[in-house]
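In: generate a structure from the sequence data that follows.
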Amino acid sequence: MSKEHSAKRILIFNVNWLGDVLFSTAVIRNVRRNFPHSFIACVIPSRCYPVLKGNPHLDEIIIFDEKDRHRNVLQRLDFIRILKAKKFDIAYLLHRSFSRALICRLAGIPERIGHHTKKRGFLLTKKIIPPHRDSLHRIDYYLDVIEKAGLKIEDRFAEFFFGNEDLEFVEKFLSKNTVAKEDFVVVLNPGGNWLAKRWPKDHWARLADKLIHDFKAKVVLTGSHNDISLAKHIQDEMVNKPIIACGVFNLKQLGALAKRADIFITADTGPLHIANSVGAKKIIAIFGPTSTLITGPYPVKNVVILQKDVGCVIPCYEVNCKDSRCMKAVTVDDVINQVKLLRLTNG
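Out: Model prediction:
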């Protein structure tokens with residue numbers, strides 16, 4: 001390893017969404033391989049902190065909340081002073097925003113590397129010509145920044161780390177809800193931050209009932225506190241009773257639950273990528289308006305993707321779609337047939 005790569009102070013200014021931060025872990029790992037003796041820090045919003053907590057390739061995680069604790073000018077100036085005091089040599093900007101490039105410039109970071117845009121090009125010392133945003137998987141889109149900057153890329157997968165205490169928490173919860181070690185456990189994740197990507201509530205209810213009745217499954221409905229009403233609605237439409245775990249698990253514990261489950265069923269949302277990153281046994285992913293080539297799980301060796309062609313252009317960014325026919329097109333029987341196949345495969 002050359003002296004140039006031996007002892008830098010490196011900042012990775014990350015993106016804002018849980019799934020995208022997960023995808024960016026491929027960048028973090030590959031930067032560490034290129035700079036094994038360097039100090040590497042990463043800037044993320046506080047809501048994404050659990051995604052990177054415990055990541056062995058990072059020396060520090062720095063919180064930047066542009067819509068909360070760093071909302072006004074004085075708060076941002078204070079954040080800039082903090083960055084400046086840390087004396088970073090290089091900043092890799094995975095986020096395309098003008099403000100983040102300006103922050104790194106004002107913090108006196110001499111090398112600022114990121115995708116070129118008209119507004120912020122003058123703030124970058126190395127301007128990376130970006131690929132079309134929908135031409136690559138998000139993992140490759142973020143890796144593009146460091147690869148075109150001259151770093152060697154050895155692999156392209158996401159990582160998520162949890163501890164034994166998280167596994168123990170999950171086991172205690174399952175035991176408390178009369179789930180035995182030998183039970184067939186299916187986790188359903190019905191929520192998501194984008195309504196157009198959600199599978200219909202009644203589909204989830206009928207699926208859960210079939211899993212419990214036909215497969216004697218222990219069905220766990222998971223999600224955040226915000227998903228409690230959704231889970232209650234699904235439960236109210238059911239004949240059988242699922243285990244509602246919305247608001248019970250933090251992200252680390254969710255990863256442990258996904259690892260423990262026999263099957264994890266979800267739409268295209270952050271928990272899908274957490275489940276895949278921890279090596280869940282089997283995942284069934286229901287896709288509609290989004291493209292698996294852009295935001296799909298990678299690798300896909302344990303994943304079955306269900307998506308129907310309904311004549312719409314994919315990806316579709318109609319956030320307020322009143323139809324959602326792409327999601328409705330995936331039926332309960334489609335999912336059940338995959339569960340049957342997975343059960344047969346596993347004996």
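In: tell me the contacts of Leu251?
Out: Leu18, Pro50, Val51, Ile274 (CB atoms under 8 Å, 6 or more residues apart in numbering). Bear in mind the C-beta positions are built from the backbone N, C-alpha and C, glycine included.
In: could you say what helices and strands the strand or helix carrying Ser229 packs with?
Out: Ser229 belongs to helix 228-236 when assigned by DSSP states H and E. Packing partners of helix 228-236 (3 or more CB pairs under 8 Å, 6 or more residues apart in numbering; DSSP states H and E): helix 201-215, strand 218-221, strand 243-244.
In: what about the helices in the stretch 151-300 of the chain?
Out: Under the criterion DSSP state H, counting those that start in this stretch, the stretch 151-300 of the chain carries helices at the ranges 164-176, 201-215, 228-236, 251-260, 270-277, 292-295.
In: and those: which comes nearest Val335?
Out: Among the helices of the stretch 151-300 of the chain, helix 201-215 comes nearest to Val335, with 5.6 Å by CB to CB.
In: quick one: average pLDDT of the closest one?
Out: If you average the pLDDT over helix 201-215, you get 97.
In: so can I have JSON lines of the helices of the stretch 151-300 of the chain showing distance to Asp140?
Out: Output for the helices of the stretch 151-300 of the chain, formatted as JSON lines (distance: least, CB to CB, whole Å):
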{"stretch": "helix 164-176", "distance to Asp140": "30"}
{"stretch": "helix 201-215", "distance to Asp140": "32"}
{"stretch": "helix 228-236", "distance to Asp140": "33"}
{"stretch": "helix 251-260", "distance to Asp140": "23"}
{"stretch": "helix 270-277", "distance to Asp140": "15"}
{"stretch": "helix 292-295", "distance to Asp140": "10"}
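In: first-to-last residue distance for stretch 84-102?
Out: End-to-end distance of stretch 84-102 (CA to CA, to the nearest Å): 13 Å.
In: got the buried residues for it?
Out: Under the neighbour-count criterion of 16 or more other CB atoms under 10 Å, stretch 84-102 has Phe88, Ile90, Ala91, Tyr92, Leu93, Leu94, His95, Arg96, Ser97, Arg100, Ala101, Leu102 buried.
In: name the residues that touch it?
Out: 8-16, 24, 27, 31, 41, 43, 66, 104, 106-115, 117, 119-120, 123-124, 130, 142, 145-146, 149.
In: and what of stretch 122-140?
Out: 19-20, 23, 26, 93, 96, 98, 101-102, 104-105, 110-117, 121, 141, 144-145, 148-149, 156-158, 291, 293-296, 298, 315.
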